[in-house]
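S.K.: Sequence and computational prediction follow.
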Amino acid sequence: MPTSASFNGTTYNVPILGERNWGTNVSNLLIAIAGNALSKNGGAFTISAPGSDINFGVNFGLVSKYFKSNSASIATTGILRLANTDLIAFRDAANASNLEIGVSADRLRFGNENVVLANDTLSIFAATTSLQLKNIISDETGSGALVFATSPTFVTPALGTPASGVMTNVTGLPLAGLVATTASRALVSSAGGVIAPATTTAAEIGFVNGVTSAIQTQLNAARPMTTGGDVMYGGASGLPTRLANGSAGQVLQSNGTTLAPTWVTPAGGTTVSSPAGNFTAANGNLYLASSAAARNITLPAAVLGHTFTVKDSTGSASTNNFTVVRAGSEQIEGVAANKILQTNWGSWTFVSNGTNWFIL
């Protein structure tokens, strides 16, 4: 009984001793070997299944003088001969994409970037700023933009002691116009353009430091008074500040610390009135208010020493209350709330410490 042999995916019968009619099978096997096996004399050896690989296993290698790409117009020298459209690719460390090496014009290309050669100039790189160039140089001096030979602009340079130089186009006095001066004196120029010391000292010049216009104009601007009777006091940061003239009979009162002074009516000058409806109290007043109807009495601004009195003049405050309303966030008797007078014939005298109000 014949044995079988498989070659290139086809099975052929191999005759045994004494078998007849075996010639066709052997002929077909020899023809298949001749047409599909790799010959030592060379020739084409095409894998019939597209995309298939020849696998020599993990213990075998392939030795050759050179390897050629199947592309057109490949290199004619070297062990790996590729066309200019071929790529060599590696998988990146993250196993996320391929890193490709190819050619672009007359140089190698890594990905989309050309490989820099030793004889390349800086023009091959992208536009580079002065700061970027400075950051790769370790022995630079100064900062800012690069400076070239024609018409450079230097910004506060420290030139040291120059060995030579021509100062013809330098603005200012020529070197020959400089003479020895007296210490701590201002400088003036003579009729001949020579610098000389003035009688004015540097300290005297310092007295007008910051002047931006005529001295008298600035003195007038520093005087805040505009009307007869105005008073000047030290305002913010001690600057002269105007306090307008007060009313007849008022006196100037200090409010302590850095607060501005105010005009107040002196004690003994109490004004008695009987206001109708709601009203805002004022310093130095005695209000004889009717309690025929409830009413609101609004506190004035808290000023140190200010005082006023409210009196139920008709004896019905328990029914028609007087509500003393705060002007802002000040407290009345230590409480941040309005105060209600509800005692028939009652009266309250308020006095301020400059921040809050208290009842005597």
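M.R.: Here it is on my side, so go on.
S.K.: where do the helices sit along the chain?
M.R.: 23-36, 130-134, 202-206, 215-221 (DSSP state H).
S.K.: Tabulate the CA atom coordinates of the third one in CSV.
M.R.: This file holds the C-alpha atoms of helix 202-206, laid out as CSV (Å, rounded to 0.1, in the frame of the first residue of the first chain):
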residue,chain,number,x,y,z
ALA,A,202,22.3,118.3,45.4
ALA,A,203,20.3,118.4,48.7
GLU,A,204,18.6,121.6,47.6
ILE,A,205,17.7,120.1,44.3
GLY,A,206,16.2,117.2,46.2
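S.K.: Need the mean per-residue confidence for it.
M.R.: Averaged across helix 202-206, pLDDT comes to 77.
S.K.: chain center to it, what's the gap?
M.R.: 41 Å (Cα atoms, centre = their mean, to the nearest Å).
S.K.: same check, this time on the first one
M.R.: Counting by Cα atoms, centre = their mean, helix 23-36 is centred 82 Å from the centre of its parent chain.
S.K.: Give me the domain ranges for this structure.
M.R.: Per the record, the chain has its domains at 1-49, 61-115, 271-359, by automatic domain parsing.
S.K.: Ranking those domains by mean neighbour count, which comes first?
M.R.: domain 271-359 (a mean of 16; mean count of other Cβ atoms under 10 Å). For glycine as for every other residue, the C-beta is placed from the backbone atoms N, C-alpha and C.
S.K.: still on that earlier bit, can you tell me which of the domains of the chain is nearest to Pro240?
M.R.: With Cβ to Cβ, the closest approach to Pro240 among the domains of the chain belongs to domain 271-359: 22.6 Å.
S.K.: Low-confidence stretches in the stretch 101-250 of the chain?
M.R.: When residues are selected by pLDDT under 70, those of the stretch 101-250 of the chain lie in 172-181, 193, 218-222.
S.K.: circling back to that earlier point, put together TSV for the domains of the chain, with distance to Ser184 on each row.
M.R.: Listed next are the domains of the chain as TSV, based on distance: least, Cβ to Cβ, whole Å:
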stretch	distance to Ser184
domain 1-49	99
domain 61-115	64
domain 271-359	50
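S.K.: for those, which one sits closest to Gly142?
M.R.: domain 61-115 (31.9 Å).
S.K.: Now do the same contact list for Ala203.
M.R.: Ala203 makes contact with Ser184, according to Cβ atoms under 8 Å, 6 or more residues apart in numbering.
S.K.: gap between it and Gly210?
M.R.: Separation of Ala203 from Gly210 (Cβ to Cβ, to the nearest Å) stands at 15 Å.
S.K.: May I see the helices of the chain organised as JSON lines, with distance to Leu159 added?
M.R.: Below are the helices of the chain laid out as JSON lines (distance: least, Cβ to Cβ, whole Å):
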{"stretch": "helix 23-36", "distance to Leu159": "85"}
{"stretch": "helix 130-134", "distance to Leu159": "20"}
{"stretch": "helix 202-206", "distance to Leu159": "26"}
{"stretch": "helix 215-221", "distance to Leu159": "38"}
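S.K.: With Asn338 as the reference, name the closest of those helices.
M.R.: In terms of Cβ to Cβ, the element of those nearest to Asn338 is helix 215-221, at 46.0 Å.
S.K.: Apart from its chain neighbours, what residue comes closest to Pro188?
M.R.: Check again: residue 188 is Val, not Pro. Distances taken as Cβ to Cβ, 6 or more residues apart in numbering put Ala198 closest to Val188, at 4.5 Å, once the chain neighbours are dropped.
S.K.: which stretch in the domains of the chain has the least confidence?
M.R.: domain 1-49 (a mean of 75).
S.K.: Return the distance of that domain from the chain's centre.
M.R.: Centroid displacement of domain 1-49 relative to its chain, using Cα atoms, centre = their mean, is 80 Å.
S.K.: can I assume Ala294 is in contact with Asn320?
M.R.: Yes. Taking Cβ atoms under 8 Å as the definition, Ala294 is a contact partner of Asn320 at 4.3 Å.
S.K.: Skipping its backbone neighbours, what lies nearest Leu252 in space?
M.R.: Distances taken as Cβ to Cβ, 6+ apart put Pro261 closest to Leu252, at 5.5 Å, once the chain neighbours are dropped.
S.K.: can you pull the contacts of the one you found?
M.R.: Listed by Cβ under 8 Å, 6+ apart, the contact set of Pro261 reads 231, 233, 243, 252-255.
S.K.: from the residues you listed, which ones fall inside strands?
M.R.: Residues of the contacts of Pro261 located in strands (DSSP state E): 231, 233, 243, 252-253.
S.K.: out of those, who's nearest Lys68?
M.R.: Of all these, Tyr233 has the smallest distance to Lys68: 100.7 Å, by Cβ to Cβ.
S.K.: wait, isn't the closest one in contact with Ala260?
M.R.: Yes. Between Tyr233 and Ala260 there is a contact under Cβ under 8 Å: 6.7 Å.
S.K.: where do the contact lists of those two overlap?
M.R.: Counting by Cβ under 8 Å, 6+ apart, the residues touching both Tyr233 and Ala260 are 241, 243.
S.K.: Let me know which of the helices of the chain is the nearest to Thr76.
M.R.: Of all the helices of the chain, it is helix 23-36 that lies closest to Thr76, at 29.5 Å by Cβ to Cβ.
S.K.: Kindly export that closest one (C-alpha atoms) in CSV.
M.R.: Only the C-alpha atoms of helix 23-36 are listed here, as CSV (Å, rounded to 0.1, in the frame of the first residue of the first chain):
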residue,chain,number,x,y,z
GLY,A,23,4.4,7.0,-12.5
THR,A,24,1.7,9.8,-12.6
ASN,A,25,1.8,10.4,-8.9
VAL,A,26,5.5,10.7,-8.8
SER,A,27,5.6,12.9,-11.8
ASN,A,28,3.1,15.3,-10.2
LEU,A,29,5.1,15.5,-7.0
LEU,A,30,8.4,16.2,-8.9
ILE,A,31,6.7,18.9,-11.0
ALA,A,32,5.2,20.5,-7.8
ILE,A,33,8.7,20.6,-6.2
ALA,A,34,10.3,22.1,-9.2
GLY,A,35,7.7,24.8,-9.6
ASN,A,36,7.2,25.8,-6.0
